[in-house]
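> Any chance you can model this:
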Amino acid sequence: MVLPLAALPDILFFRSSSMKLRFGVFMQKKKALSVFIVDDNEITKLLLRLMAKDESYMVIGDAGNAKVAKERIRQLRPDIVFLDVVLPDSDGLDLLRWIRSTVPESVVLMVTACRDMEIYKAAMDIGACGFISKPFNPAIVLDTLEQVREKVNIGP
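Numbers count the residues shown, from 1 in each chain. Below you'll find the predicted structure:
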């Protein structure tokens, strides 16, 4: 029995830049989420950048202090912000308040080595979506990013 091509809508015989081949069936790619990193530690920024280096995420910038972060976040409007709790020119919680009021659509993940439950509670009350503890576990960082993707419901 020969089926007409119309009976096979999921099987395509061409490539498109917005499609990728998976098990012989083309599927729509997920939209890459834009990521911005705010941390004064260059190694931390590099590690987060490497962990978010994937077709699902695109690091669009970083900053080492609150002043630069405000300028760039206002301009770039990232989907996700990794935000250190301790910055040289500001408290990370103050910058979190600014982000929530200026770019409310951005999801903020706090990055910290601090184990103070009061800071965790305050950040969550202000509007942080979650915490990533230093030192990093790559599997936890990637799992957290996937949870954010599901929460903001971007992509198929």
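> wait, Ser56 sits on Leu33?
Yes. Using C-beta atoms under 8 Å, Ser56 is in contact with Leu33, at 6.6 Å. In short, each C-beta sits where N, CA and C put it, glycine included.
> Mind giving me the packing neighbours of the longest helix belonging to the chain?
Secondary structure of the chain per DSSP state H: the longest helix is helix 138-152. When contacts are defined as 3 or more C-beta pairs under 8 Å, 6 or more residues apart in numbering; DSSP states H and E, helix 138-152 packs onto strand 33-38, helix 42-51, strand 107-112, strand 130-133.
> at 7 Å what do you get?
The contact analysis (3 or more C-beta pairs under 7 Å, 6 or more residues apart in numbering; DSSP states H and E) places helix 138-152 against helix 42-51, strand 107-112, strand 130-133.
> which one of those is the most hemmed in?
strand 107-112 (a mean of 23; mean count of other C-beta atoms under 10 Å).
> Following the chain onward from that strand, which element is next?
Of the helices and strands lying after strand 107-112 in sequence (DSSP states H and E), the nearest is helix 117-126.
> Give me the angle between that following helix and strand 107-112.
Counting by axes from the mean of the first three to the mean of the last three C-alpha atoms, to 10 degrees, helix 117-126 lies at 170 degrees to strand 107-112.
> more crowded one of Ser56 and Leu33?
Remark: of Ser56 and Leu33, Leu33 carries more neighbours, 21 against 16, as counted by other C-beta atoms under 10 Å.
> and the gap between the closest residue to that one other than its chain neighbours and Met58?
Sequence neighbours aside, Asp79 is the residue nearest to Leu33 in space, at 4.2 Å (criterion: C-beta to C-beta, 6 or more residues apart in numbering). To Met58, Asp79 is 9 Å away according to C-beta to C-beta, to the nearest Å.
> what does Glu146 give?
15 Å.
> Looking only at neighbour counts, state which of the two leads.
Per other C-beta under 10 Å, whichever of Glu146 and Met58 has more neighbours is Met58, with 15 against 12.
> neighbours around the closest residue to that one other than its chain neighbours, how many?
In space, and not counting its chain neighbours, Met58 is closest to Ala32: 4.5 Å by C-beta to C-beta, 6+ apart. Neighbours of Ala32 under the rule other C-beta under 10 Å: 15.
> same question, Ile60
For Ile60, using other C-beta under 10 Å, the count is 18.
> Same check on the one 3 residues further on?
By other C-beta under 10 Å, the residues close to Ala63 number 23.
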